[in-house]
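Participant: following is a predicted model, sequence given first.
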Amino acid sequence: MSPRLAACVAACLACLVAGCDASSKGASVDAGALIAATFACDAPASAASKGSCVEVVDAGTRGDGGIWCNPVTNGACASGKACDVTSANGAVNGFDCYPGTGDTAKLCAICDDTNGPFCAEGLSCAAASGDISGCARYCCTDADCGSGRCAKSASAGNALFGVVPGLGLCAAK
């Protein structure tokens, strides 16, 4: 599974956290307003937690799991690379650094994990509703999210990012 598809898996989980409504498919929807209502668009660029919920642990072969970088801070990634999810069998199994070519979509901008635009470092392309996705900031605590909250679990109570249970995405309150 590609890294972008793995990010899509995380996006689906984020949709569950945000309470996405599939009935909006086909309806006339203001994508920007929907994204702004779903994610914390005032989340600061530098996380107050400094990514403390993520422990970088080199494990296995790159791309096959392991937490090689910190998605909150982009720590351990060289300049021009972005920390994003890796996956196996449809489940997030780690984080690794990927070339940042085209990863320029800003916080709360529309994104597409398959065709771009792709989110900039510190952000994940997450579903807002149906097939509308936006860039949401990775977080460890509510303090990372401006006026929003750090959503760490899906509606079923499962960790949003199972390999790092304390990691979440900034959601609107």
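Facilitator: On my side now, so go ahead.
Participant: which residue is nearest the middle of the chain?
Facilitator: Ser124 (2.7 Å; CA atoms, centre = their mean).
Participant: pretty sure it is in a strand, no?
Facilitator: Yes: with DSSP: H, G, I helix; E, B strand; the rest coil as the criterion, Ser124 is part of a strand.
Participant: report pLDDT for it.
Facilitator: Ser124 is assigned a predicted lDDT (pLDDT) of 93.
Participant: from Gly65, how far off is the residue nearest to Ile67 when sequence neighbours are not counted?
Facilitator: The shortest distance from Ile67 to any non-neighbouring residue, by CB to CB, 6 or more residues apart in numbering, is to Val57 (4.9 Å). For every residue, glycine as well, the C-beta is placed using N, CA and C. From Val57 across to Gly65, the span is 10 Å (CB to CB, to the nearest Å).
Participant: who's more crowded, the two?
Facilitator: Per other CB atoms under 10 Å, whichever of Val57 and Gly65 has more neighbours is Gly65, with 19 against 13.
Participant: was I right to think that one contacts Phe95?
Facilitator: No: assessed by CB atoms under 8 Å, Gly65 is found out of contact with Phe95, at 9.5 Å.
Participant: name the residues contacting each of the two.
Facilitator: Each of Thr86, Val163 lies in contact with both Gly65 and Phe95 under the rule CB atoms under 8 Å, 6 or more residues apart in numbering.
Participant: picking that back up, partner residues bridging the residue nearest to the centre of the chain?
Facilitator: Bridge pairing for Ser124 (DSSP bridges) gives the partners Ala136.
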